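[1] the sequence and its predicted three-dimensional model are supplied below.
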Amino acid sequence: RYEADRGIRADQRETRQVHRIAEGERRRLAGTVSAQSADIARRALSEANLWLDTACTFNPTSGETQMLTRAGWVEDTLESWAKFAGPVAQSMNDALASVISERLGNSFNGEIAGMFAGPVPIPVPDGMKDPGQLIKLLGNTSFAMQLGHAAGDLSHEVNGSFDQGIALLKNPAGGLIMQNIEEYATSLDIPVAEVTAFLALREVAHARLFAGVPWLMPRFEALIGKYARGITIDLDAMEEQLRDAGAMDPESISGAVNLTKVGIPDTPEQREALVSLETLMALVEGWVDCVAWRAGMAHLPHIEQLREMMRRERAMGGPAERTFESLLGLQLRPKRMREATGIWEMITAAEGPEGRDAKWTHPDLLPSLPGDKPADGASPSSDAPSGSSSDANGSASHPAADGKTGDIDWDAELSKLLGEDGEDGENGNSEDTQA
């Protein structure tokens with residue numbers, strides 16, 4: 001039995017090594033950060049901290065912001081993603097074991113005698129001869145493989161460690177993925193240095209907020225955990241996926257551990273957690289948007305184009321982000337970011353940066369978004385202005401300070417800002433969906 005266990009562990013290590021080699025080869029060109037790119041990033045981060053000193057009251061974080069490759073981002077954030085996915089994986093494992101033991105048990109004649117690797121039989125330890133235990137192992141492996149591949153694909157879309165709105169790195173100062181930033185700047189036809197400065201502003205603002213508000217990340221973790229633990233699996237759908245599988249291996253049973261195929265719609269408790277999560281994320285992203293704009297508006301010529309593009313991307317998400325979210329069962333996107341930005345702008349105009357940032361001292365002090373019932377962790381604040389974004393002091397505010405897009409066609413406006421439409425005048429009778 002000891003020899004069998006050792007053989008299986010060696011085979012598992014070999015499989016993991018094969019995956020690492022294949023993934024490393026696929027990302028070979030993204031393995032280093034050039035000296036020139038690192039210099040641009042360091043300069044942008046230094047300027048971002050100086051500009052933010054005048055726009056917010058939170059202190060700079062300890063440590064230095066990392067210069068990450070795509071592979072480095074995957075390696076450094078996968079532990080956090082795995083923690084969030086833990087309750088989902090547990091629900092999958094329990095459901096798989098139930099389907100195998102209660103519905104498909106006769107298909108295995110009660111026990112698995114061995115496995116084969118080509119012509120070589122592999123003895124199975126006594127503890128793994130139970131089909132339910134073996135399917136748990138296969139299901140967990142399949143889910144982990146999908147999670148790893150999705151993280152690898154997502155690494156091509158993210159520009160910084162806070163792009164999902166939460167702190168994923170152990171380093172509180174965060175990190176920038178320069179290869180993605182350079183490609184992003186090229187696609188926008190805006191100088192790399194300016195795009196890097198804008199994204200550095202957002203990264204540093206996120207880092208200051210999460211470091212200065214000790215309850216914030218634990219609050220996110222609690223809400224994500226509450227949602228994930230409530231996930232329910234459709235056993236009939238899972239049984240169908242297992243019957244359709246061509247073989248009992250991690251790749252073949254991947255459909256049985258995919259929430260888009262076997263998950264049951266949200267429960268009321270999950271919807272409540274999701275509303276609280278989306279509200280808190282919108283308030284975080286709105287605060288970052290407000291602060292980054294105020295800090296950079298005098299320094300970045302294309303800041304309006306960049307912030308509008310960022311809002312759209314955060315609200316919609318890319319293909320890899322949507323695939324990743326399907327594995328976790330929830331969307332980590334601030335759907336009401338514009339409204340939250342408008343609220344923070346009005347609070348800034350009325351109370352100054354000190355009054356605005358003081359609202360993060362306790363979750364009960366956070367403002368509510370218009371039309372929301374008091375969410376768990378964010379209750380109405382009598383100090384939070386509401387309504388129109390105009391103020392008697394004529395303080396600077398962004399175009400969407402009231403959180404509404406009105407009759408503006410944002411696609412047309414964005415095209416004009418990016419130089420794709422040189423004509424004057426407005427092109428708007430369509431109403432954009434609020435992000």
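    Great, that's in hand. For clarity, every value in this text was computed on a predicted model and none was experimentally measured.

[2] for the stretch 1-150 of the chain, which segments count as strands?
    With strands called from DSSP state E, counting those that start in this stretch, the stretch 1-150 of the chain shows them at 66-68, 114-117, 120-123.

[3] least reliable of these by average pLDDT, please.
    The stretch with the lowest mean pLDDT among the strands of the stretch 1-150 of the chain is strand 114-117, at a mean of 44.

[4] residue ranges in the stretch 101-250 of the chain under the pLDDT threshold?
    101-134, 246-249 (pLDDT under 70).

[5] which stretches of the stretch 1-150 of the chain form helices?
    Using DSSP state H, counting those that start in this stretch, the helices of the stretch 1-150 of the chain run over residues 2-26, 35-53, 70-102, 131-154.

[6] who does the longest one touch, helix- and strand-wise?
    Applying 3 or more CB pairs under 8 Å, 6 or more residues apart in numbering; DSSP states H and E, one finds that helix 70-102 makes contact with strand 66-68, helix 131-154, strand 175-177, helix 216-229, helix 235-244, helix 319-328. (Each C-beta comes from the backbone N, C-alpha and C, glycine too.)

[7] TSV for those, including mean neighbour count and distance to Leu306?
    Converted to TSV, those look like this (neighbours: other CB atoms under 10 Å; distance: least, CB to CB, whole Å):
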stretch	mean neighbour count	distance to Leu306
strand 66-68	22	20
helix 131-154	20	21
strand 175-177	28	15
helix 216-229	18	25
helix 235-244	17	43
helix 319-328	18	19
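
[8] okay if I get these as JSON lines plus distance to Arg311?
    As requested, the helices and strands packed on helix 70-102 are exported to JSON lines (distance: least, CB to CB, whole Å):
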{"stretch": "strand 66-68", "distance to Arg311": "24"}
{"stretch": "helix 131-154", "distance to Arg311": "19"}
{"stretch": "strand 175-177", "distance to Arg311": "20"}
{"stretch": "helix 216-229", "distance to Arg311": "20"}
{"stretch": "helix 235-244", "distance to Arg311": "36"}
{"stretch": "helix 319-328", "distance to Arg311": "15"}
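
[9] next, Phe58: phi, psi?
    phi -80, psi 140 (degrees, to the nearest 10).

[10] what's near enough to touch it?
    For Phe58, the contact set (CB atoms under 8 Å, 6 or more residues apart in numbering) comprises Arg208, Leu209, Ala211, Gly212, Asp357.

[11] ok, now how distant is it from Ala205?
    8 Å (CB to CB, to the nearest Å).

[12] which regions of the stretch 251-400 of the chain sit below the pLDDT cut-off?
    Checking the stretch 251-400 of the chain against pLDDT under 70 turns up 319-320, 323-324, 327, 330, 373-400.

[13] pull the number of nearby residues for the residue lying closest to Phe220 once chain neighbours are set aside.
    Of all residues not flanking Phe220 in the chain, Ile166 sits nearest, at 5.1 Å (CB to CB, 6 or more residues apart in numbering). A count of nearby residues for Ile166, using other CB atoms under 10 Å, gives 21.

[14] one more: Gly63?
    Neighbour count of Gly63, defined by other CB under 10 Å: 13.

[15] touching, it and Lys170? I think so.
    No - in this structure Gly63 lies outside contact range of Lys170 using CB atoms under 8 Å: 9.9 Å.

[16] wait, what's in contact with the residue lying closest to Asn180 once chain neighbours are set aside?
    In this structure, Asn180 finds its nearest non-sequential neighbour in Asn159, 5.2 Å apart by CB to CB, 6+ apart. Neighbouring residues of Asn159 by CB under 8 Å, 6+ apart: Leu176, Ile177, Asn180, Ile181, Tyr184, Leu199.

[17] the first one contacts Thr65, doesn't it?
    Yes - here Leu176 reaches Thr65: they are 6.4 Å apart, a contact under CB under 8 Å.

[18] can you list phi and psi of the residue nearest to Phe220 for me?
    According to degrees, to the nearest 10, Ile166 has phi -130, psi 160.

[19] and what of Asp189?
    Dihedral pair for Asp189: phi 60, psi 40, per degrees, to the nearest 10.

[20] next, count neighbours for it.
    For Asp189, using other CB under 10 Å, the count is 10.

[21] ok, it to Ala358 distance?
    From Asp189 to Ala358 the distance is 40 Å (CB to CB).

[22] what's the answer for Ser91, then?
    According to CB to CB, Ser91 and Ala358 sit 40 Å apart.

[23] neighbour count: these two, which is higher?
    The neighbour comparison of Ser91 against Ala358 (other CB under 10 Å) goes to Ser91, with 21 against 15.

[24] got a list of what Arg314 touches?
    Gly165, Glu285, Arg333, Pro334, Met337, Ala435.

[25] show me which of the residues you listed are buried.
    Buried residues within those, counting neighbours by 16 or more other CB atoms under 10 Å: Gly165, Glu285, Arg333, Pro334, Met337, Ala435.

[26] residue boundaries of the helices in the stretch 151-300 of the chain?
    Counting by DSSP H, counting those that start in this stretch, the helices of the stretch 151-300 of the chain are 178-188, 192-212, 216-229, 235-244, 259-262, 268-296.

[27] for the closest residue to Phe143 other than its chain neighbours, give me its contacts.
    Nearest residue to Phe143, sequence neighbours excluded (CB to CB, 6+ apart): Val257, at 4.6 Å. Val257 is in contact with Ala89, Met92, Leu96, Gly139, Ser142, Phe143, Gln146, counting by CB under 8 Å, 6+ apart.
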